[in-house]
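Engineer: No sequence on hand, only this structure:
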């Protein structure tokens, strides 16, 4: 009877191994580098296309504003069948009714000469709006580079977890086979063999968890790259190539100064402030009159007009016109107040952005420094844990160390190795956050 539990455990282990070996034998093979992922994202991500359309929209607004310098030409025409009734004041008893056809055509040219500089200020505001859209496109690029970098490193971290879980499984499977041989020879208890079986199955489970995390992250990376495929190819999966890492921890004040001068969202909000300031000035300019040159021609033709039968008129005129809105019921005052409030609102928004930039950069520098130090410590810990495991394994095989001690040494090594492997990527992710906070990631990509 004592063999039944053992047989069931071995059977379950065999079935589990058969079901997952195909997934565990091979790690994902990808060819995608971070630089390539960024390049694809900037080319195919819909956010970049949306930003480009915003630029085109702003350029169209500028074209509309500039058109105010040119004259306006209007043409009108009409054809009517008129039933006219007339009763002269001097003949109350006389009423004249007649049907006639009337045709009219006219053309008028108007050239605005002066409008209190409203036109000039609207053009300047539209120009600043175009600059804002261009800077916002650069900011979209900055945020996309950050998102792709962090997602790429997250995928690489999942890949490292898969490698470590695979090595842990292989280590325990070897010990499980050795323990099974000793058990069958009657020199080892069944708990020893089952211990390594459990640990191997646990490693398989950890592998599958890391694999699911890796696949999910790769799908998120594909979404950023604008790829919509049911199955990702190796060209869209992060590679296992060694990443170049060096200590690069700038001073926070240096990065803050760089960000204030180069971050596109700060440049965009400055352009927005300039645009709204011109809009505010333009709203105040409406208190001035508008002076324009006007010229045109008119033609009227009436048929079947009583005794005259046909009447035809031609008129041509040229001159100047003045329009001055002296009272608008408070509308103009309200427009000025609205423009001023918008201007003050965006100025306060800039202050908040500046505070956020200072805070984000300082926190990013601290996080990068901690990540670097942790990585260095974890590499040392991993080397020491590996040495400890080797000594304990030798002692265990010689019968001088307990099974619990070997399990402890293996668990310690796996934890330390995981920390060392992922620590490098955590440092690179911290650098990506810092480069995004300062805006350097855009310039690094351009280089």
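Structural biologist: Thanks, I have the structure now. Computed from a predicted structure; not experimentally measured.
Engineer: Report how many residues lie close to residue 119.
Structural biologist: 19 (other CB atoms under 10 Å). The way it works is simple: take the backbone N, C-alpha and C, and place the C-beta from them, glycine included.
Engineer: ok, for it, nearest residue in space, not its chain neighbours?
Structural biologist: The shortest distance from residue 119 to any non-neighbouring residue, by CB to CB, 6 or more residues apart in numbering, is to residue 68 (4.3 Å).
Engineer: Name the SS class of that neighbour, please.
Structural biologist: helix (DSSP: H, G, I helix; E, B strand; the rest coil).
Engineer: Quick check: it touching residue 112?
Structural biologist: Yes. The criterion here is CB atoms under 8 Å, and residue 68 meets it with residue 112 at 6.8 Å.
Engineer: Which is the succeeding secondary structure element to the helix or strand harbouring residue 426?
Structural biologist: Using DSSP states H and E, residue 426 maps to helix 403-438. Downstream of helix 403-438, the first helix or strand assigned by DSSP H and E is helix 440-446.
Engineer: Report the residue ranges of every domain in this protein.
Structural biologist: Domain assignment for the chain by automatic domain parsing gives 3-70+115-289+330-446, 74-114+292-323.
Engineer: list the buried ones in the longest strand anywhere in the chain?
Structural biologist: Looking across the chain with DSSP state E, the single longest strand is strand 96-114. Using 16 or more other CB atoms under 10 Å as the test for burial, strand 96-114 gives 100, 102, 112.
Engineer: now those in CSV, with pLDDT and distance to residue 381?
Structural biologist: Output for the buried residues of strand 96-114, formatted as CSV (pLDDT from 0 to 100; distance: CB to CB, whole Å):
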residue, pLDDT, distance to residue 381
100, 81, 105
102, 88, 99
112, 93, 77
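Engineer: from the residues you listed, which is closest to residue 268?
Structural biologist: When these are compared for distance to residue 268 (CB to CB), residue 112 wins out at 31.7 Å.
Engineer: Could you check how far that closest one is from residue 384?
Structural biologist: Using CB to CB, to the nearest Å, residue 112 is found at 82 Å from residue 384.
Engineer: Break down the stretch 251-400 of the chain into its strands, ranges please.
Structural biologist: 290-305, 309-323 (DSSP state E, counting those that start in this stretch).
Engineer: out of those, nearest to residue 439?
Structural biologist: With respect to residue 439, and counting by CB to CB, the nearest of the strands of the stretch 251-400 of the chain is strand 290-305 at 44.3 Å.
Engineer: pLDDT of that closest one, averaged?
Structural biologist: On average, the pLDDT along strand 290-305 is 89.
Engineer: Give me the residues contacting it.
Structural biologist: Identification of contacts with strand 290-305 by CB atoms under 8 Å, 6 or more residues apart in numbering yields 71, 98-116, 309-324.
Engineer: Near residue 416, how many other residues are there?
Structural biologist: By the measure other CB under 10 Å, the count of residues near residue 416 is 21.
Engineer: nope, residue 247 is what I meant
Structural biologist: For residue 247, the neighbour count with other CB under 10 Å is 9.
Engineer: Number the chain from 597, please
Structural biologist: Shifting the count to begin at 597 puts that one at residue 843.
Engineer: My guess is it contacts residue 969. True?
Structural biologist: No. Using CB under 8 Å as the test, residue 843 is too far from residue 969 to be in contact (10.1 Å).
Engineer: which regions of the protein sit below the pLDDT cut-off?
Structural biologist: Along the chain, segments meeting pLDDT under 70 span 597-621, 682-684, 687, 689-692, 901-904, 1041-1043.
Engineer: ok, back up a step: take the strands of the stretch 847-996 of the chain and write them to TSV, including distance to residue 630 and mean neighbour count.
Structural biologist: Below are the strands of the stretch 847-996 of the chain laid out as TSV (distance: least, CB to CB, whole Å; neighbours: other CB atoms under 10 Å):
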stretch	distance to residue 630	mean neighbour count
strand 886-901	58	16
strand 905-919	62	10
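Engineer: Quick check: which of these is nearest to residue 962?
Structural biologist: Judged by CB to CB, the one of the strands of the stretch 847-996 of the chain that comes nearest to residue 962 is strand 886-901, at 59.0 Å.
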